[in-house]
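[1] I'd like to go over a predicted model; first the sequence, then the structure.
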There are 2 protein chains.
Amino acid sequence: MKMCEPASCQVDLVRGVMNNESGHYQKRLSDLEGLYADSAAFALSVSELGEQVVYEVTERRPEGTQGDMIFGVTRMSPGKIGNEYYLTRGHIHAQADRPEIYYGQSGRGIMLLESPEGETRTVEITPQSICYVPPYWIHRSVNVGDEDLIMVFAYPADSGQDYDIIARSGGMRKRIVDDGRGGWQAVDNQHYQPRSQQQVSHLFQPTL
Amino acid sequence: MKMCEPASCQVDLVRGVMNNESGHYQKRLSDLEGLYADSAAFALSVSELGEQVVYEVTERRPEGTQGDMIFGVTRMSPGKIGNEYYLTRGHIHAQADRPEIYYGQSGRGIMLLESPEGETRTVEITPQSICYVPPYWIHRSVNVGDEDLIMVFAYPADSGQDYDIIARSGGMRKRIVDDGRGGWQAVDNQHYQPRSQQQVSHLFQPTL
């Protein structure tokens, strides 16, 4: 049997990347059209900073997927669109029963989680805190600090990502905004449309 | 559907433990009979330090296992038995096609890996290095530094551990010993007995 070789990847806590990676992708502000509440503020920011990388992921994926794991590092820039903190697109796993762990390394963030039925949870991420995202939770990272938010992550290699689930319901139910006192608060997203019972049931169906 | 709640676990880099854990176990030197080459030195150390905790694990396991993940923190004390560095018992996953990742936090270690067919690999573990243990590798951690070796780990929840695989072959093929110049080297274990082709084939059989 052909064995995969062990590997060592060094995490760079300043640059927020990992070496010996198998993949690397970057998101620019201009890639995030439609995610923020204040579209005028978004358009203005894009015109000024549209080509700036706002988050990036370096990761290592194994050759196969079944039973294996993907891991890597994500780095998110600090910033706001209007009063809304910079966020990632967010996803649920295509095999929705797959979990993920995020381990805070630098900066201050929020993991915003939403159940298929629309319940919200927030988990603060700070250096050396591990956030466990259980199966079936839609999740998105938000940088609520004023420096890069850097996290190490790991999840099952056969998870897949469904990035459209959030767009299909008009965004997540809550938005993470500046509370005006140097902190954050979760406020209602006026455009949120709850998933139908049929959509919810579909998410809970086994995909394998 | 009953959803698991998200969780946050804080890693304590000084004590080498994690809070909000679901389990915690400790190994004392007296638990490690038969692992070291120099049994006279081992007996002497046990008589002096037998009840001292030499490594411990705090972990969080999910309620189910299929598709989920276990994560936690391991802390290993520094020390030697004769010229052989302190080690963990080591294991292969009971579902041998399951991987594991170890993320170095503090101290200096070696991940000693062995394929079913007896090939050896060593991966150095230092702060902020991630060691990827691919499917099918027997693995054991060794503390080659002079302070606690602390690592965060994660692996699939349905992996299981076969701790006897190493004992069945008279130990791992290599031992990690002091090289006399402040470093380490891998030397042959005189008691190692290679696995038979039948034993090797059995490890590569799917268990699910």
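    Great, that's in hand. Numbers count the residues shown, from 1 in each chain, chains lettered A, B, ... in the order given.
[2] so where is chain A shaky, pLDDT-wise?
    By pLDDT under 70, the weakly predicted segments of chain A are A:207-208.
[3] for it, just list every one of the helices.
    Here chain A has its helices, by DSSP state H, at A:39-49, A:164-168, A:197-204.
[4] is the shortest one positioned near chain B?
    No. Applying C-beta under 8 Å from any C-beta of the partner chain, one finds helix A:164-168 separated from chain B by no less than 15.4 Å. Any C-beta I mention is one placed from the backbone N, CA and C, and that applies to glycine too.
[5] now do the buried residues in that helix.
    By neighbour count on 16 or more other C-beta atoms under 10 Å in any protein chain shown, the buried set for helix A:164-168 is A:165-166.
[6] now residue A:73: how far from chain B?
    9 Å (C-beta to the nearest C-beta, to the nearest Å).
[7] now for that residue: which residues touch it?
    By C-beta atoms under 8 Å, 6 or more residues apart in numbering or on different chains, residue A:73 lies in contact with A:11-12, A:16-18, A:57-59, A:105, A:150-153.
[8] how far away is the nearest residue in space to it that is not next to it in sequence from residue B:131?
    Of all residues not flanking residue A:73 in the chain, residue A:18 sits nearest, at 4.4 Å (C-beta to C-beta, 6 or more residues apart in numbering or on different chains). Relative to residue B:131, residue A:18 is positioned 12 Å away (C-beta to C-beta, to the nearest Å).
[9] so can I have JSON lines of the helices of chain A showing distance to residue B:74?
    Shown next, in JSON lines, are these (distance: least, C-beta to C-beta, whole Å):
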{"stretch": "helix A:39-49", "distance to residue B:74": "42"}
{"stretch": "helix A:164-168", "distance to residue B:74": "35"}
{"stretch": "helix A:197-204", "distance to residue B:74": "34"}
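[10] off-centre distance for stretch A:35-50?
    Mean C-alpha position of stretch A:35-50 versus that of the full chain (C-alpha atoms, centre = their mean, to the nearest Å) differs by 19 Å.
[11] now that stretch: buried residues?
    Those would be A:35-37, A:42, A:45-46, for stretch A:35-50 by 16+ other C-beta under 10 Å.
[12] now swap in stretch A:73-87 and tell me
    Buried-residue list, stretch A:73-87, by 16+ other C-beta under 10 Å: A:73-78, A:80-87.
[13] can I get those residues in CSV with distance to residue B:50?
    Shown next, in CSV, are the buried residues of stretch A:73-87 (distance: C-beta to C-beta, whole Å):
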residue, distance to residue B:50
A:73, 41
A:74, 45
A:75, 46
A:76, 49
A:77, 53
A:78, 52
A:80, 58
A:81, 61
A:82, 63
A:83, 61
A:84, 59
A:85, 53
A:86, 54
A:87, 53
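[14] quick check, nearest of those to chain B?
    Of all the buried residues of stretch A:73-87, residue A:73 has the smallest distance to chain B: 8.9 Å, by C-beta to the nearest C-beta.
[15] partners of the closest one in the sheet?
    Beta-bridge partners for residue A:73, by DSSP bridges, are residue A:58, residue A:152.
[16] what about stretch A:148-165, how long is it end to end?
    Length of stretch A:148-165, first residue to last, C-alpha to C-alpha, to the nearest Å: 27 Å.
[17] hang on, the earlier thing: can you tell which of the helices of chain A is closest to residue A:100?
    Between residue A:100 and the helices of chain A, the shortest gap by C-beta to C-beta is with helix A:164-168, which sits at 14.6 Å.
[18] show me what the closest one is packed up against.
    Helix A:164-168 sits against strand A:138-143, with contacts defined as 3 or more C-beta pairs under 8 Å, 6 or more residues apart in numbering or on different chains; DSSP states H and E.
[19] by how many degrees do the strand it packs on and helix A:197-204 diverge?
    With axes from the mean of the first three to the mean of the last three C-alpha atoms, to 10 degrees applied, the angle from strand A:138-143 to helix A:197-204 works out at 80 degrees.
[20] which neighbouring elements make contact with strand A:138-143?
    Short answer (3+ C-beta pairs under 8 Å, 6+ apart): strand A:138-143 packs on strand A:69-76, strand A:109-114, strand A:149-156, helix A:164-168.
[21] angle of the third one against strand A:69-76?
    Going back to what we said before, that points to strand A:149-156. 160 degrees.
[22] ok, now how distant is residue A:41 from residue A:55?
    Distance, residue A:41 to residue A:55, by C-beta to C-beta: 18 Å.
[23] again, but for residue A:65
    For residue A:65, the distance to residue A:55 (C-beta to C-beta) stands at 24 Å.
[24] who's more crowded, these two?
    residue A:55 (24 against 14; other C-beta atoms under 10 Å in any protein chain shown).
[25] contacting residues for the residue lying closest to residue A:62 once chain neighbours are set aside?
    By the measure of C-beta to C-beta, 6+ apart, the closest residue to residue A:62 outside its immediate chain neighbours is residue A:68, 4.1 Å from it. Residues near residue A:68 by C-beta under 8 Å, 6+ apart: A:62, A:156-158, B:97-99, B:134-135.
[26] again, but for residue A:152
    Contacts of residue A:152 by C-beta under 8 Å, 6+ apart are A:11, A:18, A:71-73, A:102-103, A:105, B:103, B:130.
[27] using a markdown table, lay out those residues together with distance to residue A:176.
    Converted to a markdown table, those look like this (distance: C-beta to C-beta, whole Å):
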| residue | distance to residue A:176 |
| --- | --- |
| A:11 | 26 |
| A:18 | 26 |
| A:71 | 26 |
| A:72 | 23 |
| A:73 | 22 |
| A:102 | 15 |
| A:103 | 20 |
| A:105 | 20 |
| B:103 | 27 |
| B:130 | 29 |
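[28] which among these gets closest to residue A:172?
    Closest approach to residue A:172 among the contacts of residue A:152 (C-beta to C-beta): residue A:102, at 16.7 Å.
[29] kindly state the beta-bridge partners for that closest one.
    Bridge pairing for residue A:102 - DSSP bridges - gives residue A:131, residue A:153.
[30] pretty sure it contacts residue A:142?
    No. Using C-beta atoms under 8 Å, residue A:102 makes no contact with residue A:142, being 12.0 Å away.
[31] shared neighbours of the two, anything?
    Common contacts of residue A:102 and residue A:142 (C-beta under 8 Å, 6+ apart): residue A:111.
[32] residue contacts, residue A:4?
    By C-beta under 8 Å, 6+ apart, the neighbours of residue A:4 are A:62-63, B:134-136.
[33] now the contacts of residue A:152: which count as buried?
    Applying 16+ other C-beta under 10 Å to the contacts of residue A:152, the neighbour count classes A:11, A:18, A:71-73, A:102-103, A:105, B:103, B:130 as buried.
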